[in-house]
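Trainee: Coordinates only, no sequence provided:
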Ligand SMILES: C[S@@+](CC[C@H](N)C(=O)[O-])C[C@H]1O[C@@H](n2cnc3c(N)ncnc32)[C@H](O)[C@@H]1O
């Protein structure tokens, strides 16, 4: 597959998600692990006391599957969920949510223009980073939005680096993902899904990228099932200030 012709970025990507928003929940519902794995990654943030008193950011919330996962992990938290696609966001906002959840239409790199400045106690990014044209810029933006000591969980398709997992991903796309996307009239977006996973960082490379962006305690965890080696949770923190009196 020629990846340069299948990858969508920025405004083209937002338009493709706008178009796909009506069938997105149905298609992701066909993947038994989609919502359960998001919930697992959100739980891995280990937010205390059900999130009471915390303000969380769901970056790239789409139709709200990651927002629901975050809410399950932290039912008492305040959640700001943002997305660059108006169509996806409309679907998310139309669902029933508790009063502490709000939705904002903006790219995560330009949240300040929408009046959102943080700081957030934690950020969750489900299937976002593989889609952005400049992951370093988005990591820098997320780091700036976090309070010191705040946590980041990234949940995404990021291949292990093993040829077996790369081949398995292409086989699943050819047999299931692209045909299902074509049936619902969104062939371009689902070819993008195939190509963007192949083009994205391997899990070890993305972990290095997080560390280079100034995050500490970076950890990479697998998910169970057929997506082992294909989907990972990445955990990290914005460094906390050194305790008073500590020497460098
Ligand atoms: C694959 S969907 C995932 C949605 C949701 N997090 C989930 O887990 O179902 C990726 C979402 O990221 C959004 N997105 C892509 N680039 C973005 C950016 N720079 N800022 C905010 N949202 C972005 C897209 O519009 C899309 O809704």
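Mentor: Looks like it arrived, so ask away. Note that the structure is a prediction, hence the values are computed from the model and not measured.

Trainee: quick one, what contacts the residue of the chain at minimum distance from the ligand?
Mentor: Using Cβ to the nearest ligand atom, the closest approach of the chain to the ligand is made by residue 62 at 2.4 Å. In this view, the C-beta of every residue, glycine as well, is placed from N, C-alpha and C. Residues in contact with residue 62 (Cβ atoms under 8 Å, 6 or more residues apart in numbering) are 17, 24, 83, 85, 88, 92, 126-127.

Trainee: repeat for residue 157
Mentor: Residues near residue 157 by Cβ under 8 Å, 6+ apart: 127, 130, 169, 193, 196-197, 200, 227, 230-231.

Trainee: And for residue 40?
Mentor: Residues near residue 40 by Cβ under 8 Å, 6+ apart: 223, 233.

Trainee: In helices only, show me the contacts of residue 157.
Mentor: Applying DSSP state H to those, the entries found in helices are 169, 193, 196-197.

Trainee: Tabulate the contacts of residue 157 in CSV, adding columns for distance to the ligand and pLDDT.
Mentor: Listed next are these as CSV, based on distance: Cβ to the nearest ligand atom, whole Å; pLDDT from 0 to 100:
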residue, distance to the ligand, pLDDT
127, 4, 96
130, 8, 93
169, 15, 92
193, 8, 87
196, 9, 90
197, 11, 93
200, 12, 96
227, 13, 93
230, 15, 96
231, 11, 97
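
Trainee: List buried residues within the residues you listed.
Mentor: Taking 16 or more other Cβ atoms under 10 Å as the criterion, what is buried in the contacts of residue 157 is 127, 130, 169, 193, 196-197, 200, 227, 230-231.
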